[in-house]
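> take this sequence and fold it.
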Amino acid sequence: MSALLEKPQIIAHVQKSLNYTVFDCRWIPCSAKFVCLGNFARGTGVLQIYEIQHGDAQLVKEIEKPKPIKCGTFGATSLQQRHLATGDFGGNLHVWNLEAPEVPVYSVKAHKEIVNCIDGVGGLGIGGGAPEIVTGSRDGTVKVWDPRQKDTPVANMEPAEGESKRDCWTVAFGHAFNDQDRCVCAGYDNGDVKLFDLRNMSVRWEKNIKNGVCSVEFDRKDISMNKLVATSLEGKFQVFDMRTQHPTKGFASVSEKAHKSTVWQVRHLPQNRDIFMTAGGAGSLYLWKYEYPAKRSEKDGDGVDRGVAGTLNLLQNVNLSTQPIASLDWSPDKQGLCVCSSFDQSVRVLIVTKLNRV
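This next block holds a predicted model:
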């Protein structure tokens, strides 16, 4: 019994039922507030701000917008401004000042179709270089935006003439360890994972993981690439060791099957990059720890370095809902505090204990 209690526990602290479909939720940095994004049944978008008070989540503000809002990020804003960037069903990218959210501070028609995913870097003191936002869409393109530059993207990764357009489901920044280097990883519905090098404007690596890629995330955005997790349909996810790239074999990886359903999300713990949570299609959360191998690279038969994958250790799992948990976000300020939303039209604030002991 004592061994069970030594493990981290996942405790549902607050559960809030909502009157709309919620697609994404994010902690507002340096606060006890989080924001929920989604759409009402009448087809309009909604942005709600909640604050944790006395063990409950109080609604602070609700704003209705013309188009349903699919995704959001604070990754490209300063800690002083805390502007939220969102992507909506109309293909628009908006940046909102949450203190005065009636009119966006930046707005661009980013894509022809729905913006599925968004990420930011260069803000919040995370990642060197300019603040940038990346969006991925059903129109098959991945675009990088600088909120200081109107109307045109800084980079546009799209299929070549004649190639079929694949639905881009997930994007993530990484490798932003100085002012010049930066990478974007994108996952597509056909199982493609592509790594774009923004410094050289080239595809640095690509791999097909056989199932539609639901979520990709680097363990840290602001270090030289270390690990990348890609989750997919049918309960599979892979962890790639990004330190050593072999000319033909690419990056070493370890794969795991969990959740018995689609793995919708992966989120690394901000305070410990080797711990991450995956969120599943049957309403379950799994907490993992990556264990490094004794040697992270070895020479192959030709004397070329190739990576060695580590192992995964399941720390805890919990079932919260019968519906998919579509979004999850760790609090950057308080270790073990996280918020997640699911398609049962509810948002939950969770506390994960004993993370400092694993």
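> what about residue 99, how many neighbours?
9 (other C-beta atoms under 10 Å). Placement of C-beta: from N, CA and C, glycine included.
> SS state for it?
coil (DSSP: H, G, I helix; E, B strand; the rest coil).
> need the pLDDT of it.
pLDDT recorded at residue 99 is 93.
> element containing residue 159, please.
In this structure, residue 159 sits in neither a helix nor a strand according to DSSP states H and E.
> dump the residue contacts of it.
Counting by C-beta atoms under 8 Å, 6 or more residues apart in numbering, residue 159 touches 140-141, 165-166.
> which residue ranges form the helices in the protein?
With helices called from DSSP state H, the chain shows them at 2-6.
> closest to the centroid, which residue in it?
For the chain, the residue nearest the mean C-alpha position is residue 217 (5.6 Å; C-alpha atoms, centre = their mean).
> just for the chain, where's the confidence low?
1-5 (pLDDT under 70).
> pull out the buried positions in stretch 217-229.
Within stretch 217-229, the residues scored as buried using 16 or more other C-beta atoms under 10 Å are 217-222, 225-229.
> what's the farthest-apart pair in those residues?
Maximum pairwise distance among the buried residues of stretch 217-229 (C-beta to C-beta): 16.8 Å, between 222 and 229.
> measure stretch 108-125 end to end?
25 Å (C-alpha to C-alpha, to the nearest Å).
> ugh, wrong one, I meant stretch 26-40
Stretch 26-40 has its terminal residues 19 Å apart, counting by C-alpha to C-alpha.
> so how far is residue 77 from residue 136?
20 Å (C-beta to C-beta, to the nearest Å).
> show me which of these two is the more surrounded one.
residue 136 (29 against 24).
> contacts only, for the more buried one.
Residue 136 neighbours (C-beta under 8 Å, 6+ apart): 115-118, 142, 168-171, 186.
> most neighbours, which of these?
Neighbour-wise, the contacts of residue 136 (other C-beta under 10 Å) top out at residue 171, 30 neighbours.
> go ahead and confirm that one touches residue 137.
No - using C-beta atoms under 8 Å, residue 171 is not in contact with residue 137; the gap is 9.6 Å.
> hey, where'd the strands end up in the stretch 251-358 of the chain?
Applying DSSP state E, counting those that start in this stretch to the stretch 251-358 of the chain gives strands spanning 263-269, 272-280, 284-291, 297-299, 305-307, 311-319, 325-330, 337-342, 346-352.
> need those in a markdown table (columns: mean neighbour count).
Listed next are the strands of the stretch 251-358 of the chain as a markdown table, based on neighbours: other C-beta atoms under 10 Å:
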| stretch | mean neighbour count |
| --- | --- |
| strand 263-269 | 24 |
| strand 272-280 | 22 |
| strand 284-291 | 20 |
| strand 297-299 | 12 |
| strand 305-307 | 19 |
| strand 311-319 | 15 |
| strand 325-330 | 24 |
| strand 337-342 | 24 |
| strand 346-352 | 20 |
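> distance to residue 64 added to those, as a markdown table?
Formatted as a markdown table, the strands of the stretch 251-358 of the chain follow (distance: least, C-beta to C-beta, whole Å):
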| stretch | distance to residue 64 |
| --- | --- |
| strand 263-269 | 26 |
| strand 272-280 | 27 |
| strand 284-291 | 30 |
| strand 297-299 | 53 |
| strand 305-307 | 48 |
| strand 311-319 | 33 |
| strand 325-330 | 20 |
| strand 337-342 | 18 |
| strand 346-352 | 17 |
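> looking at the ones you listed, which is closest to residue 13?
Of all the strands of the stretch 251-358 of the chain, strand 346-352 comes closest under C-beta to C-beta, at 4.8 Å.
> with just CA atoms, put that closest one into CSV.
Provided in CSV are the C-alpha atoms of strand 346-352 (Å, rounded to 0.1, in the frame of the first residue of the first chain):
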residue,chain,number,x,y,z
SER,A,346,-16.3,20.2,-19.2
VAL,A,347,-13.0,21.6,-18.0
ARG,A,348,-11.1,20.1,-15.1
VAL,A,349,-8.3,21.5,-13.0
LEU,A,350,-6.0,18.7,-11.8
ILE,A,351,-3.3,18.4,-9.2
VAL,A,352,-0.5,15.9,-9.8
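> and that strand, which strands flank it?
strand 10-17 (antiparallel), strand 337-342 (antiparallel) (DSSP bridges).
> neighbouring contacts of it?
8-18, 22, 25, 34, 36, 50, 52, 57, 277, 285, 287, 316, 320-321, 336-342.
> dump the contacts of residue 159 into a markdown table; add distance to residue 242 and neighbour count as well.
Below are these laid out as a markdown table (distance: C-beta to C-beta, whole Å; neighbours: other C-beta atoms under 10 Å):
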| residue | distance to residue 242 | neighbour count |
| --- | --- | --- |
| 140 | 25 | 20 |
| 141 | 24 | 20 |
| 165 | 27 | 15 |
| 166 | 23 | 18 |
